[in-house]
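Asker: I would like to see how this sequence folds:
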Amino acid sequence: MGHLISRTFTLTALIALPTFAQAHPGHTEFGGLAAGLGHPIGGLDHLLAMVAVGLWAAQLGGRARWLLPVLFVAFMLAGAGLGMAGIAVPGVEQGIVGSVLALGLLLLWARRVPLLPGAVLVSAFAVMHGVAHGGEMPPGAEMTLYMLGFALSTAVLHLVGAGLGSWRSTWLSRVIGAAIALAGVGLALT
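Answerer: Residues are numbered from 1 along each chain as shown. Predicted structure coming up:
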């Protein structure tokens, strides 16, 4: 079990390294891949929500363990298409902040939600995150590589959350949930 968590954190670090090296604007020679990889990691709101999805999926167990992260990535990509097309989706920023707060509270309260409502909730949050990702694609970035990048880093963040959830510690999930919910409150106030 410890090896899985160690490997997940190592993979996250390896994915993030080229992103941190190219963190400032003007570096599009990587065709958008580095920008895509870094986008979910570079924003606290995205990072926390994506780790929370993996952790909540692990907490729910069963089919939710794999379905919620898969749905998140799929609906995030659909939302990114909306953002890249310039289609206005009302309340995107509020939806993103709300996702951090709601997922944190679900973890804190250890809420066991049936699969269908959980899937709908995660999918709605994913669209909001995707619209933001798509709307913030750097000029000159290659769309497919950018989308591949943020889909991969999102999946890794889900794995980090799932790895934390694999410890099967309700106490740990609640502490992490409280921290995520507090961060959500902080994001809402800024």
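Asker: then the helix or strand encompassing residue 158 to PDB, C-alphas only?
Answerer: Here residue 158, judged by DSSP states H and E, is contained in helix 143-165. Output of helix 143-165 as PDB, limited to C-alpha atoms (Å, rounded to 0.1, in the frame of the first residue of the first chain):
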ATOM      1  CA  MET A 143      -5.400  22.300 -28.100                       C
ATOM      2  CA  THR A 144      -5.000  18.500 -28.100                       C
ATOM      3  CA  LEU A 145      -1.700  18.500 -26.100                       C
ATOM      4  CA  TYR A 146      -3.100  21.100 -23.700                       C
ATOM      5  CA  MET A 147      -6.200  18.900 -23.000                       C
ATOM      6  CA  LEU A 148      -4.100  15.800 -22.700                       C
ATOM      7  CA  GLY A 149      -1.900  17.500 -20.200                       C
ATOM      8  CA  PHE A 150      -4.600  18.700 -17.900                       C
ATOM      9  CA  ALA A 151      -6.500  15.400 -18.200                       C
ATOM     10  CA  LEU A 152      -3.300  13.500 -17.200                       C
ATOM     11  CA  SER A 153      -2.500  15.700 -14.200                       C
ATOM     12  CA  THR A 154      -6.100  15.600 -13.100                       C
ATOM     13  CA  ALA A 155      -6.000  11.800 -13.200                       C
ATOM     14  CA  VAL A 156      -2.800  11.800 -11.100                       C
ATOM     15  CA  LEU A 157      -4.400  14.100  -8.600                       C
ATOM     16  CA  HIS A 158      -7.400  11.700  -8.400                       C
ATOM     17  CA  LEU A 159      -4.900   8.900  -7.800                       C
ATOM     18  CA  VAL A 160      -3.200  10.900  -5.000                       C
ATOM     19  CA  GLY A 161      -6.700  11.300  -3.300                       C
ATOM     20  CA  ALA A 162      -7.500   7.700  -3.900                       C
ATOM     21  CA  GLY A 163      -4.100   6.700  -2.400                       C
ATOM     22  CA  LEU A 164      -4.900   8.700   0.700                       C
ATOM     23  CA  GLY A 165      -8.300   7.200   0.800                       C
END
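Asker: Which residues are in contact with the spatially most central residue of the chain?
Answerer: Taking CA atoms, centre = their mean, the centroid of the chain lies closest to residue 50, which sits 2.5 Å from it. Counting by CB atoms under 8 Å, 6 or more residues apart in numbering, residue 50 touches 40, 72, 129, 154, 157-158, 161. Where you see a C-beta, it was placed from the backbone N, CA and C, and this is true even at glycine.
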